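Enquirer: Got a sequence here, can you build the structure:
(one chain, ligands or ions: 2)
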Amino acid sequence: MMLNLKRRPDTKDVISLLRRIRYPGYDADIVSLGVVEEVSLPEPNSVAISLRHGGTSDERINRVVDEIKTLCAKTLKVSKVEVAIHRLEPELGERTGQVALEGVRHVIAVASGKGGVGKSTVAANLAVALRRLNYEVGLLDADIYGPSVPMMFGLTQARLKAGQDSRLRAVEQHGVSLMSIGFFLTERAPVIWRGPLVMSAVRQFLKDTIWGEKDFLIVDLPPGTGDAQLTLAQQVCLDGAIVVTTPQDVALLDARRALRMLKQVHCPILGVVENMSYFVCPECGAVDELFGHGGGERMAQSENLKLLARLPIYSEIRETGDQGTPIAALLPDHPAAQAFLQLARDVAQQVLEVGELSNKP
Ligand SMILES: Nc1ncnc2c1ncn2[C@@H]1O[C@H](COP(=O)(O)OP(=O)(O)OP(=O)(O)O)[C@@H](O)[C@H]1O
Ligand SMILES: [Mg+2]
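Expert: Ligands and ions are numbered 1, 2, ... in the order given. Have a look, this model is predicted:
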């Protein structure tokens, strides 16, 4: 589409043009996301654009630069388009802007490449199961776009406000200390946050929450492997991550992407959880592997990782989650609860072993 201008373009024209460019991996344009920092017309025939860039990989931002140049060349009658990249430095800490979490000994992320594979379910039940093993546990719902901790812990009515000292107090439920952006939203308020704001919200949760003394903090990462996840993974010193996948090929492909991202930030990977692996008919006990067989196992093998668990589909997992008490808390004898307990033992053992080794003077 041409900009039908009789006059020379001004900055507003350029900005509205830039609104046509989507930031790769996001459903929003580069202006709304705050990627465009400044637009100017230093000379009548030239446009200068500055972009904010906070990620570690330049792939996306380079794509944006190319798109800007192509679009401007096609649409604006100017002879020169200069695009500068303003690299955002991490605000805190020496090492990639990491946030120190007071009182928290080990941080474990639960990641997935694809949405809807059961990441939050695994995170919530792992947290509860670790608590059942007598560890002190926190759970951070870092899924800004689709927070699910409030629902899974029966706290959809809970609302928090930042106190005077701007510190946030974690909410206690089922023995676990919780923090979620869901606690700050009104019932229907949509979460339309700008990219950089999302980052600072998560950062604030990390920095300003009073967790108390915790053996483990489980972080439910947002789905996907975009800049949001990467930035988050860089902000906290992760002691380990679990990747959740379902056995379908598409999910496995995305899970591999998540693994690559975690490796990029040097996060030790504790293993893979294959969720919704199969369905056991409650009447006849027949096993139906509706999403194929052995996908998670093959991936774990080829990536040299441990397959930590294979969880079947149990209607009780969904029901308990929807009703506000994770199955690991509500039905401790259910095979799914037992499986989460085993997962918790395994995770704790791996993390504590590594921690002890690296803590040795
Ligand atoms: N093993 C299972 N058996 C039955 N239902 C399950 C199982 N695992 C997850 N679910 C259900 O599937 C739905 C999606 O799970 P969940 O919200 O944990 O996924 P997610 O990966 O966190 O999704 P999102 O990408 O939306 O954050 C939920 O309703 C949950 O209760
Ligand atoms: Mg989730």
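Enquirer: close to ligand 2, is the longest strand anywhere in the chain?
Expert: Counting by DSSP state E, the longest strand found in the chain is strand 269-280. No - figure legend: strand 269-280 not in contact with ligand 2 (C-beta under 5 Å from the ion); closest approach 11.7 Å. Where C-beta positions appear, they are placed from N, C-alpha and C, glycine not excepted.
Enquirer: Report the mean per-residue pLDDT for that strand.
Expert: Mean pLDDT, computed over strand 269-280, is 93.
Enquirer: Listing partners with orientation, what would you give for it?
Expert: Here strand 269-280 has these sheet partners by DSSP bridges: strand 240-245 (parallel), strand 287-288 (antiparallel), strand 307-313 (parallel).
Enquirer: moving C-terminal of the helix or strand of the chain with the lowest mean pLDDT, what's the next helix or strand?
Expert: None of the helices or strands of the chain scores lower by mean pLDDT, DSSP states H and E than helix 195-208, at a mean of 66. Proceeding N to C from helix 195-208, the next assigned helix or strand is strand 209-210, under DSSP states H and E.
Enquirer: Residues of the chain that sit close to ligand 1?
Expert: Counting by C-beta under 6 Å from any ligand atom, the residues of the chain lying close to ligand 1 are 112, 115-121, 143, 146, 148, 223, 275-276, 311, 313-314, 317-318, 321.
Enquirer: what do you get if the cut-off is 8 Å, keeping everything else the same?
Expert: Within the chain, the positions near ligand 1 by C-beta under 8 Å from any ligand atom are 112, 114-124, 143, 146, 148, 152, 220, 222-223, 244, 275-277, 311-319, 321-322, 336.
Enquirer: Return a selection command, for use in PyMOL, containing the buried ones of those residues.
Expert: A single PyMOL command selects the buried members of these (16 or more other C-beta atoms under 10 Å):
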select buried, resi 112+114+117+118+119+120+121+122+123+124+143+148+152+220+222+223+244+275+276+277+311+312+313+314+317+321+336
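Enquirer: Identify those among the residues of the chain next to ligand 1 that sit within strands.
Expert: Filtering the residues of the chain next to ligand 1 for strands - DSSP E - leaves 220, 244, 275-277, 311-313.
Enquirer: Of all pairs in the residues you listed, which one is the farthest apart?
Expert: The distance between the two most remote of those (C-beta to C-beta) is 21.4 Å, for D220 and P312.
Enquirer: tell me, how many neighbours does the closest residue to L160 other than its chain neighbours end up with?
Expert: For L160, ignoring the flanking residues on the chain, the nearest one in space by C-beta to C-beta, 6 or more residues apart in numbering is F183 at 4.3 Å. If you count neighbours by other C-beta atoms under 10 Å, F183 ends up with 22.
Enquirer: residues near A286, how many?
Expert: 8.
Enquirer: Just grab the bridge partners of R169 for me.
Expert: Applying DSSP bridges, one finds that R169 bridges with I210.
Enquirer: For G154, what are phi and psi?
Expert: Backbone geometry at G154, expressed as degrees, to the nearest 10, gives phi 60, psi 30.
Enquirer: Could I get the contacting residues of it?
Expert: 173, 323-325 (C-beta atoms under 8 Å, 6 or more residues apart in numbering).
Enquirer: Dump these to CSV, plus neighbour count, secondary structure and pLDDT.
Expert: Conversion of the contacts of G154 to CSV gives the following (neighbours: other C-beta atoms under 10 Å; DSSP: H, G, I helix; E, B strand; the rest coil; pLDDT from 0 to 100):
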residue, neighbour count, secondary structure, pLDDT
Q173, 21, strand, 96
Q323, 12, helix, 93
G324, 17, coil, 95
T325, 19, coil, 97
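Enquirer: Which single residue of this protein ends up nearest ligand 2?
Expert: Nearest residue of the chain to ligand 2, counting by C-beta to the ion: S120, 3.2 Å away.
Enquirer: the helices in the stretch 251-361 of the chain, which residues?
Expert: For the stretch 251-361 of the chain, the helices defined by DSSP state H, counting those that start in this stretch occupy 295-302, 315-323, 327-330, 335-359.
Enquirer: Worst mean pLDDT among the ones you listed?
Expert: Averaging pLDDT over each of the helices of the stretch 251-361 of the chain puts helix 335-359 lowest, since it has a mean of 85.
Enquirer: So which bits of that helix are buried?
Expert: For helix 335-359, the neighbour count (16+ other C-beta under 10 Å) marks 336-337, 339-341, 343-344, 346-348, 350-352 as buried.
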